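have a look at this prediction, sequence included:
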Amino acid sequence: MKQSGVVSDDFKRVESHDCSMSTCAAPAGSPCRTGKNKVAIQYHTARFRLVPQLARTLSVPTPRRTQAGLGLDRAAPAGERR
């Protein structure tokens, strides 16, 4: 079983799907968003449950990002946090 709060490559699998939450609607390749359009701390359950390997996972944390739309393999500038 995966430990909650540990960021792994699971986010790449989750972000290969659009988020179906009407308040989020993040497109594939982008992290989930809060109602105030900030990057969510974890992906919405409806989204990560689309990935069969993660269907029983309790949560999938989002990686640190500083801007919307950063590619999956681009690193955020050093010292900056969301």
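Great, that's in hand. Residues are numbered from 1 along each chain as shown.

and Val51, how many neighbours?
18 (other C-beta atoms under 10 Å). Heads up, the C-betas are built off the backbone N, CA and C, glycines and all.

got a list of what it touches?
10, 13-14, 16-17 (C-beta atoms under 8 Å, 6 or more residues apart in numbering).

next one: His44
So His44 contacts 19-21, 24, 32 (C-beta under 8 Å, 6+ apart).

against Arg64, how distant is Lys38?
13 Å (C-beta to C-beta, to the nearest Å).

wait, I meant Thr57
20 Å.

who's more crowded, these two?
A count of neighbours by other C-beta under 10 Å puts Thr57 above the other of Thr57 and Arg64, at 17 against 12.

any idea which helix or strand carries that one?
Here Thr57, judged by DSSP states H and E, is contained in no helix and no strand.

so it sits against Phe48, correct?
Yes. Counting by C-beta atoms under 8 Å, Thr57 does reach Phe48; the two are 6.5 Å apart.

need the three-state assignment for the residue nearest to Thr45 when sequence neighbours are not counted.
Distances taken as C-beta to C-beta, 6 or more residues apart in numbering put Ser59 closest to Thr45, at 7.8 Å, once the chain neighbours are dropped. Classification of Ser59 by DSSP: H, G, I helix; E, B strand; the rest coil places it in coil.

farthest pair in the contacts of His44?
Pairwise distances across those (C-beta to C-beta) peak at 10.5 Å, for the pair Ser20 and Cys32.

list residues touching both of these two?
In contact with both Ser20 and Cys32: 44, 47, using C-beta under 8 Å, 6+ apart.

excluding chain neighbours, what is closest to Thr62?
Pro31 (4.5 Å).

please enumerate the helices of the chain.
Ranges of helices within the chain are 10-14, 45-48, based on DSSP state H.
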